[in-house]
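Enquirer: sequence? don't have it. structure:
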Ligand code: PAF
């Protein structure tokens, strides 16, 4: 595995290899969910590039940038064992200069739900993903469905800017008890981890209600909110794939989302119907 720490090192490594490129952008603290993305990239492409970069521009003031988990040694090993060809591991100065041009998230979809709780977050995500896409020039890029709004906005950016990259959405990977894998789960103590299961339970409740034939969003959201008690819930939402609010679940075009704080950790989860 080649480890590239600058854009020029990465470009040199890409020139040596050639062929189709499967790209998995990450912020490190890799877990089985990332492994699933890497495996999918491995199967469909000649070469796999993973980036590990804790992107400062997607953290709001007061968020967990400085304490975001960093696991350099373990991450390098996971990449190596997963058959990654090139690991891009830049520092902030390799990615950002002074007073730069930025990508703006769309006015509506970028500022609802996650964007309302974290205004400006998606500007930072889209800016760094645009930079990474321009550096790596992937054939396909792999993103988890757990960050559903991020996935939708990156797909929209690729379409809006006529970029020739296939965005591949991948299923959320869960622990056996239903907890969605997330790098932020390391912040949870044993009791909080137990409480965090309320997110996946609420989504399971939503699925059960729909399977029983009740598709009314207000009813589903009310039952979910009961299941989530006594967590500090930021939002429960039912939207279509374009992130427009739905009064009724439409099978094949619905995402049910939840965001809640467990202790001081903010968690998100969703189910696609
Ligand atoms: O999902 C993430 O890990 C990050 O938001 C991403 C896409 C790597 C951009 O920093």
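Expert: Done, it's in. Computed from a predicted model, the values in this text were never measured in an experiment.
Enquirer: now the strands for the protein?
Expert: Remark: strands assigned in the chain by DSSP state E are 2-4, 21-26, 47-52, 86-88, 140-144, 166-170, 232-239, 255-262, 265-272.
Enquirer: and of these, who's closest to the ligand?
Expert: Comparing the strands of the chain against the ligand with C-beta to the nearest ligand atom, the closest turns out to be strand 21-26 (3.9 Å). Just so you know, the C-beta spots here come from the backbone N, C-alpha and C atoms, and that holds for glycine as well.
Enquirer: Tell me which residues are up against the closest one.
Expert: The contact list for strand 21-26 (C-beta atoms under 8 Å, 6 or more residues apart in numbering) reads 14, 34, 37-38, 40-42, 44-53, 128-129, 132-133, 136-143.
Enquirer: Make TSV from the strands of the chain and add distance to residue 160 and mean pLDDT to it.
Expert: Listed next are these as TSV, based on distance: least, C-beta to C-beta, whole Å; pLDDT from 0 to 100:
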stretch	distance to residue 160	mean pLDDT
strand 2-4	29	98
strand 21-26	19	98
strand 47-52	22	98
strand 86-88	25	98
strand 140-144	16	98
strand 166-170	13	98
strand 232-239	19	98
strand 255-262	20	98
strand 265-272	23	97
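Enquirer: can I get those strands in JSON lines with mean neighbour count and distance to residue 212?
Expert: Supplementary listing: the strands of the chain in JSON lines, determined by neighbours: other C-beta atoms under 10 Å; distance: least, C-beta to C-beta, whole Å:
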{"stretch": "strand 2-4", "mean neighbour count": "18", "distance to residue 212": "52"}
{"stretch": "strand 21-26", "mean neighbour count": "26", "distance to residue 212": "38"}
{"stretch": "strand 47-52", "mean neighbour count": "25", "distance to residue 212": "42"}
{"stretch": "strand 86-88", "mean neighbour count": "24", "distance to residue 212": "47"}
{"stretch": "strand 140-144", "mean neighbour count": "22", "distance to residue 212": "29"}
{"stretch": "strand 166-170", "mean neighbour count": "16", "distance to residue 212": "27"}
{"stretch": "strand 232-239", "mean neighbour count": "19", "distance to residue 212": "16"}
{"stretch": "strand 255-262", "mean neighbour count": "22", "distance to residue 212": "15"}
{"stretch": "strand 265-272", "mean neighbour count": "21", "distance to residue 212": "15"}
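Enquirer: CSV please, covering these and showing distance to the ligand.
Expert: Written out in CSV, the entries for the strands of the chain read as follows (distance: least, C-beta to the nearest ligand atom, whole Å):
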stretch, distance to the ligand
strand 2-4, 16
strand 21-26, 4
strand 47-52, 7
strand 86-88, 11
strand 140-144, 7
strand 166-170, 11
strand 232-239, 18
strand 255-262, 15
strand 265-272, 11
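Enquirer: quick one, which of those is nearest to residue 219?
Expert: Residue 219 sits nearest to strand 232-239 of all the strands of the chain, at 10.5 Å, using C-beta to C-beta.
Enquirer: what's the closest one packed up against?
Expert: helix 114-117, helix 217-228, strand 255-262 (3 or more C-beta pairs under 8 Å, 6 or more residues apart in numbering; DSSP states H and E).
Enquirer: That one vs helix 217-228, what angle?
Expert: 150 degrees (axes from the mean of the first three to the mean of the last three C-alpha atoms, to 10 degrees).
Enquirer: And strand 232-239, how far out from the chain middle?
Expert: Mean C-alpha position of strand 232-239 versus that of the full chain (C-alpha atoms, centre = their mean, to the nearest Å) differs by 17 Å.
Enquirer: Provide the contact partners of it at residue level.
Expert: For strand 232-239, the surrounding residues in contact (C-beta under 8 Å, 6+ apart) are 113, 116-117, 202, 206, 217, 220-221, 224-225, 228, 245-246, 249, 254-261, 266.
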